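*Asks:* Need a 3D model of the sequence below.
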Amino acid sequence: MTKPKIKRVYFVGAGFSAPLGFPVGASLPVETICRLRGLRAHSVVHGRGLYNSLRDTEKKRHLCDVVLLRIERFLCDFFGHKIDLRKATRQKIEDVFKQISVGEFYTVMHALSDMPGLFRNDRTEDAQQPNEIKNTEQQSGQSSNGELPFAASLYEVFSAVTRSFFIDISDTNPPKKDMKSLVESLIPNQQAIVSFNWDTELDYLLSIRSERKGETFEFVYTAQSTEPETLTILKPHGSIDWYDIKQGVFNNDRYFIADDDRRITLDECKLMAFFANELPVNIYEDQHSAFKCAPAITPPTFSKRFEYTEQHLIWHDVIQVCTDANEFVFLGYSLPPDDFLTRAALRSSFSEKSSKERQDVRCLVVSRGQLPEARRRLNKGTKNNGKSTKNLTDTTLASYRSVFGNKITQEMNWLNWEFGKTRGPLVEKINEMIQGAACL
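*Replies:* As a prediction, the model looks like this:
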């Protein structure tokens with residue numbers, strides 16, 4: 001039996017999960033470094049007793065120092081910034097990263113991971129390591145060939161640390177009401193999610209709903225499932241609970257993310273996941289270190305690379321569901337100008353539509369508005385009296401117009417919504433506004 005075509009696609013960005021305390025955009029490296037330092041948590045979760053699994057033993061605290069020393073050297077060698085990350089204040093760390101784009105930071109780090117020895121500054125000989133790094137490694141019980149390697153593998157460590165940070169957040173903060181309402185409203189075989197977030201909040205809620213008595217759908221990571229009734233979530237940038245099979249992850253309830261995909265055989269599957277919000281364990285059921293066993297997540301680099309067949313199929317599915325759909329809802333996602341592949345995928349899907357189908361396309365952006373720059377300067381240091389009108393930024397509006405056309409307007413295509421704070425029926429408002437949100 002042929003499945004009905006997807007009618008609506010929800011695109012989910014960092015702003016959707018931000019209320020739970022997950023770092024957003026440029027704050028990601030800063031928050032991760034502060035986490036290694038043991039400094040106060042992100043403002044959303046500050047004061048809620050956020051557990052720090054990176055520093056809960058003396059050995060781990062020494063390992064954090066080793067990682068911070070590696071990052072110091074990375075910043076010095078490749079960005080020209082000298083900073084003592086083990087002593088610097090949060091403000092000092094933020095000031096440094098105001099001068100470094102997140103894209104450049106991750107691009108260089110990822111390039112060194114893919115191509116060790118590309119730059120001469122990526123020294124790998126133990127004799128060339130500063131004495132301070134050697135001494136800190138000795139205190140932590142780690143040699144230079146041990147658990148935390150050199151700049152060439154810094155990305156792997158940084159990814160593992162980010163994963164551990166995200167797990168701590170998930171353990172502390174339950175999903176918000178608007179997040180739950182979205183999942184409860186999803187219609188199997190008619191609506192799909194494309195999430196660019198690494199966290200597993202939506203995955204968790206979908207799995208809970210799928211197991212509820214009376215539900216007959218399967219929650220899957222593919223648009224080409226062999227199951228007759230599905231709710232699909234596509235994650236082009238990976239997930240903190242996805243691992244390469246060669247890493248030997250042996251958690252309970254593990255599964256291949258593409259085991260329901262008719263286009264790939266079981267022998268070809270490489271990415272596996274598990275349901276629990278926990279660190280990976282090995283075949284002996286020993287938990288991996290919070291600093292090891294990096295998940296399959298794609299960093300925010302200028303030129304993203306996808307090494308797994310499953311990731312390629314996910315991008316095929318993104319284009320397919322967008323080709324089928326006529327309603328596009330963007331939740332906490334600004335469609336940034338440098339997110340080249342997403343923009344290309346959307347345009348590619350539109351090229352497959354007939355003139356009539358293009359006329360039926362609707363686009364709604366759901367995000368928190370901002371005060372105009374002039375008003376922000378005027379209100380700086382004073383309390384907002386609630387009378388100022390918030391808007392989409394000119395950059396965001398231009399970005400959407402570059403993909404959906406110049407018919408996009410703030411009045412017709414934008415719902416001002418602060419996730420986790422705005423009260424009211426989110427899905428009902430979306431259903432109401434989407435009807436008049438013409439674009440192409």
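*Asks:* ok, and the closest non-adjacent residue to residue 320?
*Replies:* In this structure, residue 320 finds its nearest non-sequential neighbour in residue 223, 5.5 Å apart by CB to CB, 6 or more residues apart in numbering. Where you see a C-beta, it was placed from the backbone N, CA and C, and this is true even at glycine.
*Asks:* ok, now how distant is that neighbour from residue 75?
*Replies:* Counting by CB to CB, to the nearest Å, the separation of residue 223 from residue 75 is 41 Å.
*Asks:* ok, the residue nearest to residue 399 when sequence neighbours are not counted - contacts?
*Replies:* Leaving aside its chain neighbours, residue 399 sits nearest to residue 335 (4.8 Å; criterion: CB to CB, 6+ apart). Residues near residue 335 by CB atoms under 8 Å, 6 or more residues apart in numbering: 11, 342, 343, 396, 399, 400, 403.
*Asks:* now do 10 Å
*Replies:* 11, 13, 342-343, 346, 363, 365, 396, 398-400, 402-404 (CB atoms under 10 Å, 6 or more residues apart in numbering).
*Asks:* can you check residue 359 too?
*Replies:* By CB under 10 Å, 6+ apart, residue 359 lies in contact with 326, 353, 438, 439, 440.
*Asks:* Would you mind listing the two of those residues that lie farthest apart?
*Replies:* 353 and 438 (14.1 Å; CB to CB).
*Asks:* pull the CA atoms of the top helix by length along the chain into CSV?
*Replies:* Ranked by residue count and defined by DSSP state H, the top helix of the chain is helix 58-79. C-alpha atoms of helix 58-79 as CSV (Å, rounded to 0.1, in the frame of the first residue of the first chain):
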residue,chain,number,x,y,z
GLU,A,58,39.3,14.3,41.1
LYS,A,59,40.6,12.4,38.0
LYS,A,60,37.9,14.0,35.8
ARG,A,61,38.8,17.5,37.0
HIS,A,62,42.4,16.8,36.0
LEU,A,63,41.2,15.6,32.7
CYS,A,64,39.2,18.8,32.2
ASP,A,65,42.5,20.7,32.8
VAL,A,66,44.2,18.6,30.1
VAL,A,67,41.4,19.4,27.6
LEU,A,68,41.5,23.1,28.5
LEU,A,69,45.3,23.2,27.9
ARG,A,70,44.7,21.6,24.5
ILE,A,71,42.1,24.2,23.7
GLU,A,72,44.5,27.0,24.9
ARG,A,73,47.2,25.7,22.6
PHE,A,74,44.7,25.4,19.7
LEU,A,75,43.5,29.0,20.2
CYS,A,76,47.1,30.2,20.3
ASP,A,77,48.4,28.2,17.4
PHE,A,78,45.6,28.7,15.0
PHE,A,79,43.8,31.9,16.1
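*Asks:* for it, packing partners?
*Replies:* Applying 3 or more CB pairs under 10 Å, 6 or more residues apart in numbering; DSSP states H and E, one finds that helix 58-79 makes contact with helix 27-37, helix 90-97, helix 102-114, helix 131-140, helix 154-172.
*Asks:* What degree of burial does residue 103 show, as a neighbour count?
*Replies:* Neighbour count for residue 103, taken as other CB atoms under 10 Å: 16.
*Asks:* Contacts only, for it.
*Replies:* Residue 103 touches 26, 299, 300, 301, 302, 303, 336, 338, counting by CB under 10 Å, 6+ apart.
*Asks:* thinking again about what came up before, of the contacts of residue 359, buried ones?
*Replies:* Buried by 16 or more other CB atoms under 10 Å: 326, 353, 438, 439, 440, out of the contacts of residue 359.
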